[in-house]
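Engineer: need a 3D model of the following:
(one chain, ligands or ions: 2)
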Amino acid sequence: MQFYDEVKITVESGKWGNGIASGYRAPGIPRGWPNGGDGGRGGSIVFQASKDEDTLLEFKYKKNYKADNGESGRTKDQYGADAEDLILTVPVETLVKDADTGKVLHHFTRDGEEWTALPGGSGGKGNIHFKDSVRQFPNFFLLWEPGHKKELILELQLLGDVGLIGNPSVGKSSLINCVSSTKAKVADYPFTTLIPNLGSVTVGDFRFNMVDIPGLIKGASDGKGLGNDFLRHVLKARLFAMVADLSRYDKGIWETLELFDEIKEYIEEKILDDEGEYYFAFEQEENLIAFNVYANDELLISKKILFVLNKCDLVNDDEVLEEYKKQFVARFSLFLEEHQYAKLSEDLIRNNLFVTSAGTMQGIEAWKQALARLLQRLPAQEMPDVEPILPVEADEEDMIVDVTEEEKPWLIEHDYLDEVTSTYLNVYLVQNPEVCRLVFITPWGNDEAEMWFWKQLQQKGFIELLEAEGMRKGDVLKIKSYYEGLDDRYIVY
Ligand SMILES: Nc1nc2c(ncn2[C@@H]2O[C@H](COP(=O)(O)OP(=O)(O)OP(=O)(O)O)[C@@H](O)[C@H]2O)c(=O)[nH]1
Ligand SMILES: [Mg+2]
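Structural biologist: Residues are numbered from 1 along each chain as shown. Ligands and ions are numbered 1, 2, ... in the order given. Now for the predicted structure:
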């Protein structure tokens, strides 16, 4: 089974049903009264997080999601039926991004959390709403607002505090199973783990997460083994636990240290910009080892590193064990030297070395306690910035972008402007989302509806804002469309 942790989908919310204009008439009541009902609400696209989901696999096969449209209103005061919202279930820790801009729109962190990605279209009011003292029988209704359509990227984030990194079969999954209630698959062949496992570890009343990813091998950055795409998950962890298999002796140490080259290449390829100057460094921070990445002399990434020598039950001789630890310290020092990193003190390396057995539980409790102590001292995990999606609230700042001359020839050709007066009339670009919405739900050509439109603009203060910008009768407003597949509109003031 493949692990789908990133998918691109298209979502589209439903349109509102049209309102309708109808009237009640009866013998003896010649004029009657309006009774056209509203259209029903269009379905929204709503995401819901669930702890029972752990992959985005479902979205791999179905890419397009569209909520139903609302029904049109009916006569005799009857409203059209609302459409149901389309609920899409995603795992907790899913990020929703705008596919065009890459901006993070939402980050799900709780089971059951709901978020409306696209609201169903609004509008669609029947003529019963427009009756007033002057207008006894309004003969218009409002059109549906079109639904919104958007391309989204769903990305599953496994935000871990501790990331387990190591070669295949060193016992990473066995370790996560020992310290959390996760039931990761364990087997004696390489690449048992194909999907990252996320576990929650409790020490007293402190809780932290741990991520176990598939085993990495030398050359993973060139696609060897399962490749290094899974490093993305571990890179979100504050602390890297590098796991080595004690029973592989010297070879086990080298294989583990070589993984730093893969991590380095991954970061160079996926995170660092080609242009800037950057370098990697192992540095002492209090009594911790930090693996730091600097770009243009600023610290960009800082991961704390500790080493776990697992399967110590296979070397149940204290002297050999002691020798192995010494060996590890010497090998790591040599690795730093050969790769031209600055030296670290031997005590520092030794203090960040843990010996465990996932088989007999030896050293597990001490390791777990040490992880909790370290994490409590480290700064909290950063969360990605979350930006709101459409529709944006109306605001003075976004009323008018510009006045343009460029479109005048086209507007003259299409009768929005006449040639003689066009020299002193202006074309205003209006990008306010609320003005856009009102323009799209108004049935243009119906005098009453148009009057209603201008009254709305007046009441909401838009006319005042536009006139303050210098707008005069006869000027053209170019209204920015916020709806997928629909062009900007022009109206004459
Ligand atoms: N004797 C002994 N065997 C262990 C220990 N930890 C894990 N194993 C065994 O080592 C083998 C591999 O363990 P896993 O936990 O699947 O290793 P992994 O690192 O997750 O492997 P991949 O997912 O393939 O990368 C299994 O047969 C485990 O039972 C240990 O502490 N002692
Ligand atoms: Mg595993």
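
Engineer: quick check, Ala290 in a helix?
Structural biologist: No - assessed with DSSP: H, G, I helix; E, B strand; the rest coil, Ala290 is strand; it does not lie in a helix.

Engineer: ok, now which ones touch it?
Structural biologist: The neighbourhood of Ala290, defined by Cβ atoms under 8 Å, 6 or more residues apart in numbering, consists of 282-284, 302-305. (C-beta placed from N, C-alpha, C; glycine too.)

Engineer: which residues pair with it across the strands?
Structural biologist: Glu283, Lys304 (DSSP bridges).

Engineer: okay, it: pLDDT?
Structural biologist: Model confidence at Ala290, given as pLDDT, is 94.

Engineer: same check on Val134?
Structural biologist: At Val134, the pLDDT recorded in the model is 61.

Engineer: about what we covered before: farthest pair in the contacts of Ala290?
Structural biologist: Within the contacts of Ala290, Gln284 and Lys303 form the most distant pair, 14.0 Å apart (Cβ to Cβ).

Engineer: tell me the SS of Ser333?
Structural biologist: Ser333 is classified as helix under three-state DSSP.

Engineer: how about the residues of the chain by ligand 2?
Structural biologist: The chain comes close to ligand 2 at residues 172-173, 192-193, as judged by Cβ under 5 Å from the ion.

Engineer: give me the ChimeraX select line for the contacts of Ala290, limited to the buried ones.
Structural biologist: Remark: buried members of those, expressed as a ChimeraX selection using 16 or more other Cβ atoms under 10 Å:
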select :282,302,303,304,305
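
Engineer: redo the contacts of Ala290 as TSV? Include distance to Pro409 and pLDDT.
Structural biologist: Shown next, in TSV, are the contacts of Ala290 (distance: Cβ to Cβ, whole Å; pLDDT from 0 to 100):
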residue	distance to Pro409	pLDDT
Phe282	66	96
Glu283	64	95
Gln284	70	95
Ser302	58	88
Lys303	60	91
Lys304	64	94
Ile305	66	95
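
Engineer: ok so, going back, got a winner among the residues of the chain next to ligand 2 for most neighbours?
Structural biologist: Lys172 (30 neighbours; other Cβ atoms under 10 Å).

Engineer: that one: what's it in contact with?
Structural biologist: Applying Cβ under 8 Å, 6+ apart, the residues contacting Lys172 are 164-166, 193, 212-213, 215, 243.

Engineer: that one - nearest residue in space that isn't next to it in sequence?
Structural biologist: Distance criterion Cβ to Cβ, 6 or more residues apart in numbering; nearest residue to Lys172, sequence neighbours excluded, is Leu164 at 4.3 Å.

Engineer: quick check: that neighbour touching Ile176?
Structural biologist: Yes - if you go by Cβ atoms under 8 Å, Leu164 and Ile176 touch, sitting 6.4 Å apart.

Engineer: can you list phi and psi of Glu97 for me?
Structural biologist: Quick fix: residue 97 reads Lys, not Glu. phi -120, psi 150 (degrees, to the nearest 10).

Engineer: cool, and Ile9?
Structural biologist: phi -130, psi 160.

Engineer: so it touches Lys66, yeah?
Structural biologist: No - using Cβ under 8 Å as the test, Ile9 is too far from Lys66 to be in contact (11.1 Å).

Engineer: who has more neighbours out of these two?
Structural biologist: Between Ile9 and Lys66, Ile9 has the larger neighbour count (other Cβ under 10 Å), namely 20 against 15.

Engineer: and the more buried one, how close does it get to ligand 2?
Structural biologist: 30 Å (Cβ to the ion, to the nearest Å).

Engineer: tell me the contacts of that residue?
Structural biologist: Residues in contact with Ile9 (Cβ under 8 Å, 6+ apart) are 59, 62-65, 151-152, 154.

Engineer: any common contacting residues for Leu164 and Ile176?
Structural biologist: 210, 212.
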